[in-house]
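Trainee: everything below, folded, please.
(2 chains)
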Amino acid sequence: MRVLMLGWEFPPRIAGGLAVACYGLVKGLVYHGVEVTFVMPLRTGEELSNGYRLLGANEIEIPFHHSISLPPFWHQVTFYGVHTLLGPYLEQITTPFLEFSSVPEPVSLREEGLFRLEFSGKYGPDLLNEVYRYAYAVSHLAERVEFDVIHAHDWLTYLGGIWLKQKTGKPLVVHVHATEYDRSGEYPNPAIRSIEKMGMEAADLVIAVSFYTRSLIVEKYGIAADKVWAVHNAVLPKDRAPVSRPPSHRKVVTFLGRVTFQKGPEYFVEAAARVAPYVPEAHFVVAGTGDLLRPVIRRVAELRLGARFSFTGFLPPAEVERLFDLSDLYVMPSVSEPFGISALEALRAGVPVIISKQSGVAEVLPHALKVDFWDVEALSDLMYGVLRYKGIRPFFLRHAQEEIAQLQWERSSARVVEAYKYILS
Amino acid sequence: MKHICLYFQVHQPFRLRIYRFFDIGVSHEYYHDINNRALIQRIARKCYLPMNALLNRLIDKWGPERFSVSFAISGMALEQMQLYVPEVLESFQALYATGGVELIGETYAHSLASLKSRVEFEAQVKEHRQALKKLFSAEPVVFRNTELIYYDEVAQWVSKLGFSAMLAEGADTLLGWRSPNFLYHSEKAPLKLLLRNYRFSDDIAFRFSNRDWSEWPLTAEKYAQWLEELPEDQTLVNLFMDYETFGEHQWAETGIFEFFEHWVELMLGQKRAIFITPSQVLRKHTSVSSIAVPVPLSWADSERDLTAWLGNELQVDAFDTLYDLEAQVRDHEDPGIRRDWLRLQTSDHFYYMCTKFFSDGDVHKYFNPYHSPYEAYVTYMNVLSDFRERLTLSLE
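Mentor: Numbers count the residues shown, from 1 in each chain, chains lettered A, B, ... in the order given. Here you go, the predicted model:
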């Protein structure tokens, strides 16, 4: 079985759970004997590669034509040249906004008749433009890479997936790690939503990271339920010993994730504000960045809790692990969380977690502490309970270890292999 | 002719309200008065009043010598009846006055005190005795411990308190090859033992309306026939269950009331059985053997052990934290402290923290006000923290 996998990030380039999930999945597929070629926008050469092939769209050589023949579906897309903060992750805005031009521009002529496209590999205002260039570049893999299945991760790569499917007739799997409804609530960006819907419709099979996401796909995008499989994410075993904690009576309560509407950082702050006067040794960490970071810091200042909070900004994976080692409690109050792989990472580090009921990971953690994201009082009460009463920690960790042992990428990947076989038969 | 011994448990806990940590030291109102009232009113309407009326009719028709039943009514239930549904207490008093009812002793708070403290256990047994005397002029001679928790040491305490018999679960681990359909006695104390026939009891209490059960629907004729098929020498059948089985666990729509009435009529009309109370059992039967139970048994779940109340770290921590306060409460005069001390000991609080969702989860969810065991634990611990603060302040 040979899979051409299209994704936007891969370790060590990590902006969120997408890279972690892609990495775990690829490793799991390799374990099951699947040959994987993973195509990301920009390959810098640092990416981990062991038993699979990594390719950057920036490396694909494209023959120069004076008129580019665009696939029919291209005209179904509504293109918006709107200056807006698009994309799944809103930090790392580095490139100035470029007007979209529907025909990709040749950027670097390598030799006669061949050129390569340039990619930032980042998320920013130029994202849509880059998404189209990516699709155009990967469509040229049709003749150059041998594969049986196309597997595209999130909307960023769907156009490329559709184009490849039309060129080769190979089946397409789209893997939904998040939808525009998770990111933007009830008011999705229409350009992104239309690409998502097109991808799901063109796909032979849709993989959702949870039943929660699966029902969103069915309800909000009108996809037939039997075409959508839920395959839960997993977590890789920890490969290093925990760092030792400095002797301190401080209790660290952590929020980790993009500081955006989707992740509910405001609820964390409001609950922390309730707990803070009652648990003087509690210290609250907000790790991550995003468009709500400034309002959140302002709110903390307004509450006069500056001394009780730390804002770390974006943390690379090694720092995340360190943070978990130092945490007494992890809180994930997401408004809409397709999965929430960081909850598993916290558990793996032996940290109790409180997760919102509006998260996919709640499905695989029956013993987790769960709360409605908006219920600040209930959230604060659970936070207080974990910090103050000694019954929860041992009970929770005992069950969590059992649950996490079930969540192996080998197992989730086996289900993906099953999905490939299903659409190939 | 079979002797059927019917025993019904009547108990309602004082469920806690949503009590947050920021209420500690601020509010001493622990109970969900609205829900507790609404629940007991509903149960009164659906179960207590109609079932009392049915039993009254049957006693009236057949006479107490052929149809008698027994109840244990916890102090918590008695208090809530007085507070919220006095007509139910009157209805029980009227039923008792027919002479066809025996009242059984238990711990006032329906507590797990027997697992922690003999002193507290005995105090509660005496308190319950006083309540029965005051409200019914009754003197119990037979005892049942919360959730039929039984072990040798408790048998000794109960016997010393003047009881002549105790009810217990007819668990397989206790009986082995032996049948629950005889009278037994404790190996360690002069105390007779009536053992619950869990198969026949649960046919009514749990399986009656279960459509997945191969024997559904259970008819009075079928049930009578099964009793008939018991070996000739097994004349005693102990059917022990929650009183709420009638009309609440099994809704009226399932036909539970009609089933019960029809079955009683069938047994009595064809002279196949009479219905006797535990102390009548003591007069009509002799013990066939002694029984030793070194480790506590209960009637709960499939394990018949204590794991429904003390099976996980949440429950154990809450339980230990509670009884750490015992010495401080012991000689406390404050009626408010005494009242809350009892109410917080009720076993249901620990039951709500149970995490055996899967096999017996359905039963555990019943009347459970919480979404998760954590919520139950944190709420309980918050209340306990306030209670401890009050104790400390009052003793300063």
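Trainee: which parts of the stretch 251-396 of chain B sit against chain A?
Mentor: Residues of the stretch 251-396 of chain B lying close to chain A by C-beta under 8 Å from any C-beta of the partner chain are B:312-318, B:355, B:357, B:371-372, B:374-375, B:377-379, B:381-382. Just so you know, the C-beta spots here come from the backbone N, C-alpha and C atoms, and that holds for glycine as well.
Trainee: which of those fall in helices?
Mentor: B:313-318, B:357, B:374-375, B:377-379, B:381-382 (DSSP state H).
Trainee: most neighbours, which of those residues?
Mentor: In terms of neighbours by other C-beta atoms under 10 Å in any protein chain shown, those top out with B:Val378 at 30 neighbours.
Trainee: surely that one is in contact with A:Gly391?
Mentor: No: between B:Val378 and A:Gly391 there is no contact under C-beta atoms under 8 Å: 9.3 Å.
Trainee: tell me the residues of the stretch 1-150 of chain A that contact chain B?
Mentor: By C-beta under 8 Å from any C-beta, no residue of the stretch 1-150 of chain A approaches chain B.
Trainee: gap between the residue of the stretch 1-150 of chain A found nearest chain B and A:Asp154?
Mentor: Closest to chain B within the stretch 1-150 of chain A is A:Gly17: 25.0 Å, counting by C-beta to the nearest C-beta. Per C-beta to C-beta, to the nearest Å, A:Gly17 is found 11 Å from A:Asp154.
Trainee: likewise for A:Glu363?
Mentor: Distance, A:Glu363 to A:Asp154, by C-beta to C-beta: 20 Å.
Trainee: okay, the two: which has more neighbours?
Mentor: A:Asp154 (25 against 14).
Trainee: quick check: which ranges of the chain have low pLDDT?
Mentor: By default, I'm working from chain A. Scanning chain A for pLDDT under 70 picks out the ranges A:46, A:48, A:65-113, A:124-125, A:239-240.
Trainee: please go with chain B instead
Mentor: Using pLDDT under 70, chain B drops low at B:357-367.
Trainee: scan it for its longest strand.
Mentor: What stands out as the longest strand in chain B, according to DSSP state E, is strand B:2-10.
Trainee: and that one, what's buried?
Mentor: Counting neighbours by 16 or more other C-beta atoms under 10 Å in any protein chain shown, one finds that the buried residues in strand B:2-10 are B:2-10.
Trainee: need those residues in CSV (columns: distance to chain A).
Mentor: What follows is the buried residues of strand B:2-10, written out as CSV (distance: C-beta to the nearest C-beta, whole Å):
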residue, distance to chain A
B:Lys2, 45
B:His3, 46
B:Ile4, 42
B:Cys5, 40
B:Leu6, 39
B:Tyr7, 34
B:Phe8, 34
B:Gln9, 28
B:Val10, 31
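Trainee: picking up where we left off before, which helices and strands does the helix or strand following the longest strand of chain B pack with?
Mentor: Helices and strands here follow DSSP states H and E; after strand B:2-10, the next one along the chain is helix B:33-43. Applying 3 or more C-beta pairs under 8 Å, 6 or more residues apart in numbering or on different chains; DSSP states H and E, one finds that helix B:33-43 makes contact with helix B:75-84.
Trainee: now the helix it packs on against helix B:33-43, angle please.
Mentor: Interaxial angle of helix B:75-84 relative to helix B:33-43 (axes from the mean of the first three to the mean of the last three C-alpha atoms, to 10 degrees): 100 degrees.
Trainee: helix B:75-84: how far from the chain's middle?
Mentor: The chain centroid and the centroid of helix B:75-84 are separated by 15 Å, computed with C-alpha atoms, centre = their mean, to the nearest Å.
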